[in-house]
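Engineer: return atomic coordinates for the entry below.
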Amino acid sequence: MSYTALYRKYRPQTFDHVKGQDHIVITLQNQIKSGKCGHAYLMCGTRGTGKTTIAKIFAKALNCEAPAEGNPCQKCSSCAAIHTGASLNVIEIDAASNNGVDNIREIREEVAYRPTQGKYKVYIIDEVHMLSTAAENALLKTLEEPPEYVVFILATTDKHKIAPTILSRCQQYDFRRMKVETIANRIRELLVSEQVTAEEKAILYIAKKADGSMRDALSLLDQCMGFQLGEKLTFDNVLKVLGSAQTEVFRRLLEGIVRRDVAKVMGLIEEIIMEGSELTSFVSDFTWHLRNLLLLKTSANMEGEVSSYRVEDTLEVTSEELETLKEEAKRIALETLLRFIRITGELSEQLRFTTGKRVAVEVAFIKLCIPAMESNVDSLLERIRVLEEKSEEGVWVHKSHARISEEEIDDEEQSSKVEPTKEKAPSEEAAQERNPRSEAIEEKAPREEATQERNPREEAAQERNPREEAARERNPRSEAIEEKAPGEERSKGGISEEVLLHVIRSLSPLLGMYFSDRSTYRMSQEEGGQVVRVVHTNETACNLLDSPGKKEELRRLILEQTGQEVELKIEHYGKREETKKSQGLDEIFQENIKFPITRE
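Structural biologist: The predicted structure is shown next:
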């Protein structure tokens, strides 16, 4: 006797054996019990969810001589004939190959004849969305008013392709994807029947790989059982048969990406390819792994909060894998995960059309390792985050961001003039003897002082600018503001500029660098101090400060420092000539000045 595939051998023959579609089974059973059956049904859903199976069981129950609780008896001649496919009352039609008007015309002619055995003549039309427009129109009248002994059962995987005129004439039943646990339980039942032992991890992996389809799960199980004929079904051999990468490989791969170790990542991809893994499936599984990390990262359960939603229900992993995923999610920033998912999602779409899949995968994973290869917003934020981490660790600071303002230099020069000359220590005298250049440098100092005395520009700069005097006469409020102490609040309920600057600079070293130059930003308070407005000439500084995390942290720190809740408005001033920047920023706030504005 020839071998029969598992999904055909164990196809359910009654409603009680159907798994995962209880909402449909109960409805159809009640119709059989009450005798109130419709004339047209539409079964919608993805592949392998039981559409054709339930259609055959329903056709068998309609013609059964002694149905029991809505199920066919499986003993009468009608049930036996339908089971073997010998019944003339149940006609199965494949609409993919019989999609013309002539095929529908044959059906219209056949419905005029009553069933030879049983009570109903049932037409099961599979893949009905493949019918041509003319065939659909030809079916409409018969579908709307068929003879009392005719029942149409239509099945489709693409409900949206069916004409609304057909949809309105049918009872619609939407089949759901099956849960992993439902598929795993069915696999365990079949393994017992087939007298095969298997590891629990292997069963769960096959169930997840089926993607909600029972037929796919049984086909994969059949394939794996053929590889280990008469032996225990192990997880490692299942991976070999299905050509899939396991979770441990994803962890190692993600660790190399986070560390920006391109050589390690390329080596792991080489191993995955040599093991026979299909690249499209590998990228899809890796994206799913990143999705699990993202759910854990954003879930309230990770912080131990009480919630009716359990993220474990959607991850479809074991308890041991869940703990490992939680530890892994804590080490990766949320923005980084979003960037990874965006790149791998674009890669999955690209692999559908490209012939050089390996090159596309390697380029995409190099992008994951090196954010500088991209210029979009999330890549720029990732580079800024790396700079902040390096600055906090003291690894390096770019010299352009470590500038000392002219005021600080002047303060140091004045303090050096006031301090009395100290006697040189023996070690200092020895150092000067070894370094004669220091004496030459000290001799140049008097020349520099003389140069400064002869420089008339500095004396003229110290005099008040006539334009500034005219501005003060038109706006006497600014003089009143400058007379106040620096740490004093500028208005009732307001916040001092020093407090706000201190809070902004404490958010990150990079923000401290951006807000170290007074000529690049301006601040104001509006609406009685309830709104704080910050304008900066650097777009990156504005994007960084306006990000949701930084903005909420800034509001929280202001509330802790002042006890006042404020609304923040971060604006980019734009590009202008260097000579007009300071003046342009002042004009923005000429109506609502709450902080003193000083010119460099």
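
Engineer: the strands in the stretch 101-250 of the chain, which residues?
Structural biologist: 121-126, 150-156, 171-174 (DSSP state E, counting those that start in this stretch).

Engineer: please point out which parts of stretch 64-80 sit buried.
Structural biologist: 64, 67, 70, 71, 72, 76, 78, 79 (16 or more other CB atoms under 10 Å). No exception for glycine: its C-beta is placed from N, CA and C like everyone else's.

Engineer: same question for stretch 98-108.
Structural biologist: Counting neighbours by 16+ other CB under 10 Å, the buried set in stretch 98-108 is 98, 99, 103, 104, 107.

Engineer: looking at these, which are in helices?
Structural biologist: Secondary structure from DSSP state H places 103, 104, 107 of those in helices.

Engineer: in a markdown table, list the residues you listed along with distance to residue 268.
Structural biologist: What follows is these, written out as a markdown table (distance: CB to CB, whole Å):
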| residue | distance to residue 268 |
| --- | --- |
| 103 | 53 |
| 104 | 55 |
| 107 | 57 |
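
Engineer: tell me the one of the residues you listed nearest residue 526?
Structural biologist: The closest of those to residue 526 turns out to be residue 104 (CB to CB; 71.6 Å).

Engineer: what's residue 241 in contact with, if anything?
Structural biologist: When contacts are counted by CB atoms under 8 Å, 6 or more residues apart in numbering, residue 241 is found next to 223, 224, 227.

Engineer: from these, which land in helices?
Structural biologist: Counting by DSSP H, the members of these that fall within helices are 223, 224, 227.

Engineer: list only buried entries from those.
Structural biologist: Among those, those scoring as buried are residue 224 (criterion: 16+ other CB under 10 Å).

Engineer: save the ones in helices among the contacts of residue 241 as JSON lines, and put in distance to residue 150 and pLDDT too.
Structural biologist: Below are the ones in helices among the contacts of residue 241 laid out as JSON lines (distance: CB to CB, whole Å; pLDDT from 0 to 100):
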{"residue": "223", "distance to residue 150": "41", "pLDDT": "90"}
{"residue": "224", "distance to residue 150": "43", "pLDDT": "90"}
{"residue": "227", "distance to residue 150": "47", "pLDDT": "85"}
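
Engineer: in a markdown table: the buried residues of stretch 64-80, plus distance to residue 538.
Structural biologist: Listed next are the buried residues of stretch 64-80 as a markdown table, based on distance: CB to CB, whole Å:
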| residue | distance to residue 538 |
| --- | --- |
| 64 | 78 |
| 67 | 77 |
| 70 | 72 |
| 71 | 73 |
| 72 | 75 |
| 76 | 83 |
| 78 | 81 |
| 79 | 79 |
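
Engineer: now the strands for the stretch 451-600 of the chain?
Structural biologist: Shown for the stretch 451-600 of the chain, the strands assigned by DSSP E, counting those that start in this stretch span residues 521-526, 531-536, 567-572.

Engineer: so what does the last one touch, helix or strand wise?
Structural biologist: Strand 567-572 makes packing contacts with strand 531-536, helix 539-546, helix 548-562 when contacts are defined by 3 or more CB pairs under 8 Å, 6 or more residues apart in numbering; DSSP states H and E.

Engineer: so which strand or helix has residue 41?
Structural biologist: In this assignment (DSSP states H and E), residue 41 forms part of strand 40-44.

Engineer: counting by contacts, list what that strand packs against.
Structural biologist: Using 3+ CB pairs under 8 Å, 6+ apart, the elements in contact with strand 40-44 are helix 51-63, strand 150-156, strand 171-174.

Engineer: name the nearest residue to residue 562, ignoring sequence neighbours.
Structural biologist: Counting by CB to CB, 6 or more residues apart in numbering, residue 562 lies nearest to residue 495, which is 5.3 Å off, once chain neighbours are set aside.

Engineer: for the one you found, which residues are in contact?
Structural biologist: Under the criterion of CB under 8 Å, 6+ apart, the contact list for residue 495 reads 489, 525, 529, 532, 558, 562, 564, 566.

Engineer: could you measure from it over to residue 548?
Structural biologist: For residue 495, the distance to residue 548 equals 22 Å [CB to CB, to the nearest Å].

Engineer: quick check: phi and psi at residue 210.
Structural biologist: Residue 210 has phi and psi values of phi -70, psi -20 when expressed as degrees, to the nearest 10.

Engineer: need the nearest residue in space to it, chain neighbours excluded.
Structural biologist: If the residues on either side of it in the chain are set aside, residue 210 comes closest to residue 217, at 3.6 Å by CB to CB, 6+ apart.

Engineer: how many other residues sit next to the one you found?
Structural biologist: Using other CB atoms under 10 Å as the criterion, residue 217 is surrounded by 28 other residues.

Engineer: ok, it - contacts?
Structural biologist: Applying CB under 8 Å, 6+ apart, the residues near residue 217 are 48, 183, 186, 187, 206, 207, 209, 210.

Engineer: shouldn't residue 557 be in contact with residue 501?
Structural biologist: No: the pair residue 557 and residue 501 fails to qualify as a contact (CB atoms under 8 Å) at a distance of 11.9 Å.

Engineer: least trustworthy helix or strand in this structure by mean pLDDT?
Structural biologist: Ranking every helix and strand in the chain by mean pLDDT, DSSP states H and E puts helix 477-483 at the bottom, with a mean of 40.

Engineer: show me the domain layout of this protein.
Structural biologist: Each structural domain of the chain that the record assigns through automatic domain parsing is listed here as a residue range: 6-174, 180-242, 248-303+312-393, 484-588.

Engineer: how far off centre is the longest helix anywhere in the chain?
Structural biologist: Under DSSP H, the helix in the chain containing the largest number of residues is helix 279-298. Relative to the mean C-alpha coordinate of its chain, helix 279-298 is positioned 9 Å out (CA atoms, centre = their mean, to the nearest Å).
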